[in-house]
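S.K.: Let's see this in three dimensions:
(one chain, ligands or ions: 2)
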Amino acid sequence: MLISLVVPCYNEEQALPILYEALTKVRAEVTDKDFEFIFVNDGSRDKTSAVMKDLASQDKDVKYLIFSRNFGKEAAMYAGLEKAKGDYIAILDADMQDPPSLIPQMIRDLDSGEWDIVAARRVTRKGEPKIRSFFARRFYRLINGMCDVEIADGARDFRLMRRPVVDAILSVSERQRFSKGIFAWVGFRTKWVEHENVERSAGETKWSFWSLFRYAIDGIVSFTTAPLRMSIYLGIGFACLGFAYLLYYVIRAIILQIYNTVPGYPSLLSFILFIGGLILMCLGIIGEYIGKIYIESKRRPIYIASEESEDKD
Ligand code: UDP
Ligand code: MG
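M.R.: Ligands and ions are numbered 1, 2, ... in the order given. Alright, predicted model coming up:
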């Protein structure tokens, strides 16, 4: 039985040797299975490619795929899953934040036949900036409130899956991939293993606050059309308010005979500004969806590889 470990790497020249070391320990521990390590270089600007090729030349289980530029972790994971031939396939980060020491237990869990996926979840966010944890929590609340599928808070991309699960994930061939959502969407019996947050072994994170913010918006837009519906409700709500306001003035004029025409500029102006802002916001929401449709309609490949390790078998 073959086990594929897929690792997306972006500027990980320092972290990769540490990870490789840990993976060889896993391989030595699980003696009854064959392994392949698939390193995907997502257009790194450092010597990650050289490190990969070096490892591949020493170890026949190491395979690599080099992208022509940086396509993002989502694309790197997709490429790795596509290349993987294993019966069980795992995805893990290059920086040891997904502890490889959990893998042997995960393999045993799949062997038991009770589960199709064993996925890791962080129970703490220790070592992460407070503000980032706060917004991450809000994000999970928001997206779970809007989506049909449950996206677990603290769930990482770190997971070991059976072949049919990976085939299902690959069959979701959309270009703008939000893997956390896709993993949840394909379903299957998932076992969660919990671990503490681990800090990066070397190098630094590629996520800034704003790139995470964009990622959150992309996630929501990719997985639910609830914001569109929300803008309808907002529109109806404000139309009703406007109508009530009109009614109030008409009744006042007819019954109380008050025709004050001069005052009311500030309230009028603030209403116009507020509603104008609201219209722009709703247009923006629609724009996000149209943008997604536009990109999907081009049907471009998810990644372009410039180099690949040779297939030895
Ligand atoms: N990564 C990637 N492409 C990117 C950014 C990140 O393949 O454009 C990889 C990176 O090398 C690492 C994993 O994705 O293996 C997670 O990245 P990182 O550790 O920077 O994210 P964090 O753990 O801070 O969320
Ligand atoms: Mg990391």
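S.K.: so who does K53 touch?
M.R.: Counting by C-beta atoms under 8 Å, 6 or more residues apart in numbering, K53 makes contact with Y64, S309. C-beta here means a position set from N, CA and C on the backbone, and glycine is covered the same way.
S.K.: oh, and call the first residue 20 from now on, that's how I've got it
M.R.: Happy to do that; since the first residue is 20 now, the last one works out to K72.
S.K.: C-alpha coordinates for the helix or strand in which it is found, PDB please?
M.R.: Under DSSP states H and E, the secondary-structure element containing K72 is helix 67-77. Presented in PDB, the C-alpha positions along helix 67-77 are these (Å, rounded to 0.1, in the frame of the first residue of the first chain):
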ATOM      1  CA  THR A  67      13.700  25.600  -2.700                       C
ATOM      2  CA  SER A  68      14.000  24.000  -6.200                       C
ATOM      3  CA  ALA A  69      17.600  23.100  -5.700                       C
ATOM      4  CA  VAL A  70      16.900  21.600  -2.200                       C
ATOM      5  CA  MET A  71      14.100  19.500  -3.800                       C
ATOM      6  CA  LYS A  72      16.200  18.200  -6.600                       C
ATOM      7  CA  ASP A  73      19.000  17.400  -4.200                       C
ATOM      8  CA  LEU A  74      16.600  15.400  -2.000                       C
ATOM      9  CA  ALA A  75      15.200  13.600  -5.000                       C
ATOM     10  CA  SER A  76      18.600  12.600  -6.200                       C
ATOM     11  CA  GLN A  77      19.300  11.000  -2.800                       C
END
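S.K.: which residue packs closest to F158, ignoring adjacent ones?
M.R.: In this structure, F158 finds its nearest non-sequential neighbour in A235, 4.7 Å apart by C-beta to C-beta, 6 or more residues apart in numbering.
S.K.: One more: Y97?
M.R.: Per C-beta to C-beta, 6+ apart, closest to Y97 is I321, 5.2 Å.
S.K.: Now do the strands in the stretch 70-219 of the chain.
M.R.: For the stretch 70-219 of the chain, strands defined by DSSP state E, counting those that start in this stretch occupy the ranges 81-86, 107-110, 136-141, 174-181, 209-214.
S.K.: Brilliant, that's me finished.
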